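> I would like the atomic coordinates for the input below:
(chains A and B)
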There are 2 protein chains.
Amino acid sequence: MEQVFTSQLKDYIGKEVTLKGWVANLRSSGKIYFLEFRDGAGFTQVVVNQKEVEESSWQAVQQVTIESSIIAEGVVSKHPKKEEYELQTKILTLVGKAEEYPIGKKEHGPDFLLDNRHLWLRSPKQWAIQRVRNTIINATYEFLNSQGFIKFDSPILTPTSCEGTTTLFEIDYFGEPAYLTQSGQLYLEAAIASLGRVFDFGPVFRAEKSKTRRHLTEFWMMDAEAAFVEHEENLKIQEELISFIVARTLEINKKELEILERDTKPLENVKPPFYRITHAEAVKKLREQGSDIGEMDDLGADDETVLTQMYDKPIFVEKYPAAVKAFYMKRDPSDPTRVLNADLLAHEGYGEIIGGSQREDNYNELLARMKEHKLPIEPFQWYLDTRKFGSVPHSGFGYGLERIVAWICGLKHIRESIPFPRLINRLRP
Amino acid sequence: MEQVFTSQLKDYIGKEVTLKGWVANLRSSGKIYFLEFRDGAGFTQVVVNQKEVEESSWQAVQQVTIESSIIAEGVVSKHPKKEEYELQTKILTLVGKAEEYPIGKKEHGPDFLLDNRHLWLRSPKQWAIQRVRNTIINATYEFLNSQGFIKFDSPILTPTSCEGTTTLFEIDYFGEPAYLTQSGQLYLEAAIASLGRVFDFGPVFRAEKSKTRRHLTEFWMMDAEAAFVEHEENLKIQEELISFIVARTLEINKKELEILERDTKPLENVKPPFYRITHAEAVKKLREQGSDIGEMDDLGADDETVLTQMYDKPIFVEKYPAAVKAFYMKRDPSDPTRVLNADLLAHEGYGEIIGGSQREDNYNELLARMKEHKLPIEPFQWYLDTRKFGSVPHSGFGYGLERIVAWICGLKHIRESIPFPRLINRLRP
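As a prediction, this is how the structure comes out:
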């Protein structure tokens, strides 16, 4: 019999197939066993009727426990009304009998679940999150490639840091200090003079001692950088990317979003153009809501939550005060106290998912900014070189994968959005 | 005028376009300038004829230096015989004038080039390598997705190591030691019970003090793992993946392989099935060639080179002695001194590009192996759990991205295959 995945069953109605996977749950009415079966690709019901199987299969099914692995051979049938399938088993083989499974008998606290992350991943919700994550990753590659971006893997081990060493993990690199990267952006800026448009997509690290539901010490970041792209076009690329990702998820992961009980209405609304307000307008709105935010203050997480609840799709907040943003952002020619940047905030209270800006492309301006920020010049001379040899206007942006996963999946805590989360107090398993 | 990339010029013959990019080289015959133009997507010749431009453009072109950035507006024409295009410029704008460019005037040593890696990346050969690398990455995603594999990001920061700590980079994780991963395989083995088929693709680290042309301290690794896949099917997936990658490169990167002066004949031959020989047969062949390799010895890099020069496409060497391979590999039932593994060696002397095996799926066998290898049990209990709760036969394999890039591009040294190589004596830029 042909071995198929549960995701293929609709093409095998009335046919004999072999399924290989795990029993998520089971019940029996004495003469018939109903197994909730899963194989990674999806789920189905496996029915074992004593009257229709040999004695060996009947013996086997009686041994089956929750999370045991099995091979089931039989005929596929479809639910008369729903898009659900069932296997009428002819031969059942028990592959690996599971010991008593520790998860699922009762409510568990987060520590227990994280200690057992290697098993917790099997639960339908965790399965769904990882599948959505996969879609987001693939959609990102697909969209960026279609726009001429080339994957360019920035280094993880770096000799210097952009913004102080307090949140950096340090390693001993054959006798000299090295740091785990927090962003590949500066390397991407060098790469555009070779490849035009580039992106990296890899792990970054923050040794932050904050314990919040939005922070991980290790997470995945996608940074994109494009030559000859200025502020306005930068926002256009971002809103098209996010819209593409959401559309792909809605198309591919219906079942997963259902398992996650995600209201898809707000996602269906994610189409260009997104809202655009300036930082000054954002501050005004927040103050009208009673916030005491200062005119030139950065937006905090709470401010973002309040703001994004006012909108029905993602919003760009543009032109932050230069003083609260990174040294490499280009000043707004119409107001040099502000920069040509934008943070993209997801609606429904989720907050920042992308940060981006046009970059300062003038050598002397950039050097002055670095001195203002008290950065050492020598270790960044290679970066300054990019403004010496054919500098061009350019822009870029970066997204935190886990924030996008959490938003699209509707998760309260970011820790479920990555396979094995690393938190201040969590390095295991 | 419409802004286009050089890769689109074939669709714009006779039309007016705007090109934005850099001048790789230039020559002048007094009244005409010929600029070797590149924009990341490709190359073209930009012609500026004094008779056909305004004075401002003529002034601008006289300022152009090697690596200056320009915007050229004009009409596209095609070479009468070759697939080459040219721009007859109407307006030329100098965007960023480059200082005297340090690369290219003479032969440079590797240290100089690596010190200037941020600029060296602009050379045609380095551009071509990164483009091929991008194709290999994309082809890997495309193939694995088509086979039902889900991307699953294994953690980089890990509390323990599989095989001793001598080649691990250690960090201080809020007071406890953590290590940079060398492989995500064990995590993937846990994930298959949720997702069926998974792969990761991220940076891994080896604090190896060896200085060879095949070693980096930081490199990118793709690991795949599949439930219910046994040894034979494991090899089949690998040869199909590699064949797919090579076919995609030949299809997409003709120009790049030409720049690299890569003989594509040996690549055109990369189609399933690959050769398969056992380790015992490999040893016999090597001894016939005069090697003093022992019957139960691992193959060294030199052995691999000799061996692969005997074949016209990649070869699997199967069933190595258990003693020279990792603890998790499943023993060959027909000879328990050997394991169900295979290394895939690229022909033309390149050597190992993939290592893979069926995994030990029996709890007691695996525990015994771990004890034989003197591994601590407690930190690996989560891994052992995967054999307690519905264990299944499963297999996996991993490739080192830079080795594949070096092989397909025909590079002698692996350091050119990654954007910013990290070597024992190299952490900059």
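> drop to CA atoms for contacts and neighbour counts, all remaining ones
Fine.
> Does stretch A:390-400 reach chain B?
Yes - Stretch A:390-400 reaches chain B (CA under 8 Å from any CA of the partner chain) through A:Gly390, A:Ser391, A:Val392.
> Mind checking what secondary structure whichever residue of the stretch 201-350 of chain A sits closest to chain B has?
Using CA to the nearest CA, the single residue of the stretch 201-350 of chain A nearest to chain B is A:Gly202, 6.5 Å away. With DSSP: H, G, I helix; E, B strand; the rest coil as the basis, A:Gly202 sits in strand.
> so where's the stretch 51-200 of chain A shaky on pLDDT?
Along the stretch 51-200 of chain A, segments meeting pLDDT under 70 span A:161-164.
> interface residues of the stretch 1-150 of chain A facing chain B?
Looking at chain B, the residues of the stretch 1-150 of chain A close enough under CA under 8 Å from any CA are A:20-22, A:39-41, A:67-69, A:95-99, A:101, A:116, A:118-119, A:121-123, A:127, A:130-131, A:134, A:138, A:141, A:148, A:150.
> Tell me the one of the residues of stretch A:390-400 next to chain B nearest chain B?
If you rank the residues of stretch A:390-400 next to chain B by distance to chain B using CA to the nearest CA, A:Gly390 comes first, at 4.1 Å.
> is it true that the closest one touches B:Ile71?
No - under the criterion of CA atoms under 8 Å, A:Gly390 is not in contact with B:Ile71, lying 11.6 Å apart.
> Overlap in contacts, those two.
Residues touching both A:Gly390 and B:Ile71 (CA atoms under 8 Å, 6 or more residues apart in numbering or on different chains): B:Val95.
> quick one: which of those two has more around it?
Using other CA atoms under 10 Å in any protein chain shown as the criterion, A:Gly390 and B:Ile71 rank with A:Gly390 on top: 26 against 18.
> What is the neighbour count of the residue nearest to the more buried one when sequence neighbours are not counted?
Residue nearest to A:Gly390 in three dimensions, not counting chain neighbours: B:Ser68, with 4.1 Å by CA to CA, 6 or more residues apart in numbering or on different chains. When neighbours are defined as other CA under 10 Å, B:Ser68 has 25 of them.
> Quick check: phi and psi on B:Ser68?
Main-chain dihedrals, B:Ser68, degrees, to the nearest 10: phi -70, psi 150.
> quick one, what contacts it?
A:Phe389, A:Gly390, A:Ser391, B:Trp22, B:Val23, B:Leu94, B:Val95, B:Gly96, B:Lys97, B:Ala98.
> so which of those residues is the most crowded?
Within the contacts of B:Ser68, neighbour counts (other CA under 10 Å) peak at B:Trp22, which reaches 34 neighbours.
> Now, the residues of stretch A:390-400 next to chain B that are in strands?
Among the residues of stretch A:390-400 next to chain B, no member falls in strands (criterion: DSSP state E).
> with those residues in mind, which one is nearest to A:Pro266?
A:Val392 (38.2 Å; CA to CA).
> thought the closest one was touching A:Phe228?
Yes - the criterion here is CA under 8 Å, and A:Val392 meets it with A:Phe228 at 6.2 Å.
> which residues in the stretch 51-200 of chain A form strands?
Residue ranges of the strands in the stretch 51-200 of chain A, as given by DSSP state E, counting those that start in this stretch, are A:69-78, A:85-96, A:150-151, A:157-158, A:170-173, A:176-180, A:197-205.
> deepest of the ones you listed, which one?
strand A:150-151 (a mean of 27; mean count of other CA atoms under 10 Å in any protein chain shown).
> Just give the strands next to that strand in its sheet, each with its orientation.
If you go by DSSP bridges, strand A:150-151 pairs up with strand A:197-205 (parallel).
> what lines up beside the helix or strand following the strand it pairs with in the sheet?
Proceeding N to C from strand A:197-205, the next assigned helix or strand is strand A:218-227, under DSSP states H and E. Paired strands of strand A:218-227, with direction, are strand A:197-205 (antiparallel), strand A:394-400 (antiparallel) (DSSP bridges).
> Show me where the stretch 101-250 of chain A has its helices.
A:110-115, A:117-120, A:124-146, A:185-195, A:231-252 (DSSP state H, counting those that start in this stretch).
> Export the ones you listed to TSV and append columns for distance to B:Met221.
Below are these laid out as TSV (distance: least, CA to CA, whole Å):
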stretch	distance to B:Met221
helix A:110-115	26
helix A:117-120	21
helix A:124-146	17
helix A:185-195	20
helix A:231-252	25
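> Kindly present those as TSV, with separate columns for mean neighbour count.
Compiled in TSV, those are given as follows (neighbours: other CA atoms under 10 Å in any protein chain shown):
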stretch	mean neighbour count
helix A:110-115	14
helix A:117-120	22
helix A:124-146	21
helix A:185-195	25
helix A:231-252	19
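> out of the ones you listed, nearest to A:Ile171?
helix A:185-195 (20.2 Å).
> Pretty sure A:Asn341 sits against A:Pro321.
No - contact status for A:Asn341 versus A:Pro321: not in contact, 9.5 Å apart, counting by CA under 8 Å.
> neighbour count winner among the two?
Neighbour totals were compared for A:Asn341 and A:Pro321, and A:Asn341 leads with 33 against 22 (other CA under 10 Å).
> Now do the contacts for the more buried one.
A:His231, A:Glu318, A:Lys319, A:Tyr320, A:Met329, A:Lys330, A:Gly355, A:Gly356, A:Ser357, A:Gln358.
> Report the two of the residues you listed separated the most.
A:Lys330 and A:Gly355, at 13.9 Å, using CA to CA across those.
> can you give me how far stretch A:133-142 is from the chain middle?
For stretch A:133-142, the separation from the chain centroid amounts to 9 Å (computed by CA atoms, centre = their mean, to the nearest Å).
> nope, stretch A:421-429 is what I was after
Offset of stretch A:421-429 from its chain centre (CA atoms, centre = their mean): 18 Å.
> so, in contact with chain B or not, that stretch?
Yes - judged by CA under 8 Å from any CA, stretch A:421-429 comes into contact with chain B at A:Pro421, A:Arg422, A:Ile424, A:Leu427, A:Arg428, A:Pro429.
> which residues sit against that stretch?
With contacts defined as CA under 8 Å, 6+ apart, stretch A:421-429 is touched by A:115-118, A:207-211, A:215-218, A:415, A:420, B:155, B:157-159, B:174, B:178, B:379, B:382.
> same question, stretch A:260-267
Contacts for stretch A:260-267 (CA under 8 Å, 6+ apart): A:Lys125, A:Ala128, A:Ile129, A:Val246, A:Leu250, A:Leu257, A:Asp312, A:Lys313, A:Glu348, A:Ile408, A:Cys409, A:Gly410.
> Settle this for me: the third one is touching A:Glu256, isn't it.
Yes - in terms of CA under 8 Å, A:Ile129 counts as a neighbour of A:Glu256; the distance is 7.3 Å.
> Start and end of stretch A:357-370, how far apart?
17 Å (CA to CA, to the nearest Å).
> Which of the contacts of stretch A:260-267 scores worst on pLDDT?
In terms of pLDDT, A:Glu348 ranks lowest among the contacts of stretch A:260-267, with 92.
> quick one: that one and A:Glu304 touch, right?
No - here A:Glu348 does not reach A:Glu304: they are 10.2 Å apart, not a contact under CA under 8 Å.
> can you give me the helices in the stretch 301-429 of chain A?
Using DSSP H, counting those that start in this stretch, helices in the stretch 301-429 of chain A cover A:301-308, A:363-372, A:381-385, A:401-409.
> Identify whichever of those helices lies nearest to A:Lys325.
helix A:363-372 (11.3 Å).
> Could you measure from the residue nearest to A:Lys271 when sequence neighbours are not counted over to A:Pro272?
Closest residue to A:Lys271 apart from its sequence neighbours, by CA to CA, 6+ apart: A:Ser243 at 5.3 Å. Separation of A:Ser243 from A:Pro272 (CA to CA) stands at 7 Å.
> now A:Arg359
Distance from A:Arg359 to A:Pro272, by CA to CA: 24 Å.
> Could you do A:Glu67 as well?
44 Å.
> of those two, who's got more company?
A:Glu67 (28 against 16).
> helix or strand for the closest residue in space to the more buried one that isn't next to it in sequence, which one?
Leaving aside its chain neighbours, A:Glu67 sits nearest to A:Val23 (5.0 Å; criterion: CA to CA, 6+ apart). Per DSSP H and E, A:Val23 falls inside strand A:16-28.
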